[in-house]
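Colleague: The sequence and its predicted three-dimensional model are supplied below.
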Amino acid sequence: MLIGVLVTFLVVILVLYLINMLPMYGRAKQIARIIVIIIGVVSLLKYLTVF
């Protein structure tokens, strides 16, 4: 369980870093970051058996 949470956290951090490197406008980057964070939080909650 701990490894799954750690891997999910690292993947979210990596995707946020890659989104930051993309040549997009500020509003599109912000929306993409919010979507990735929401997906990451839901995934972490699944690992913690909240859902």
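Modeller: Looks like it came in fine.
Colleague: In the protein, which residue is most central in space?
Modeller: Central residue of the chain (CA atoms, centre = their mean): Val12, 3.2 Å from the mean position.
Colleague: Surely that one and Val36 touch.
Modeller: Yes - using CB atoms under 8 Å, Val12 is in contact with Val36, at 6.2 Å. (Glycine included, C-beta is placed from N, CA and C.)
Colleague: Is the residue nearest to the centre of the chain in a helix, a strand, or coil?
Modeller: Three-state call for Val12 (DSSP: H, G, I helix; E, B strand; the rest coil): helix.
Colleague: again, but for Gly4
Modeller: Gly4 falls in the helix class when you classify it by three-state DSSP.
Colleague: What sits closest to the residue nearest to the centre of the chain if chain neighbours are left out?
Modeller: Nearest residue to Val12 in three dimensions, chain neighbours excluded: Gly40, at 3.6 Å (CB to CB, 6 or more residues apart in numbering).
Colleague: quick one: the one you found from Pro23, how far?
Modeller: 23 Å (CB to CB, to the nearest Å).
Colleague: Thr49 in helix, strand or coil?
Modeller: coil.
Colleague: show me where this protein has helices.
Modeller: With helices called from DSSP state H, the chain shows them at 2-21, 26-47.
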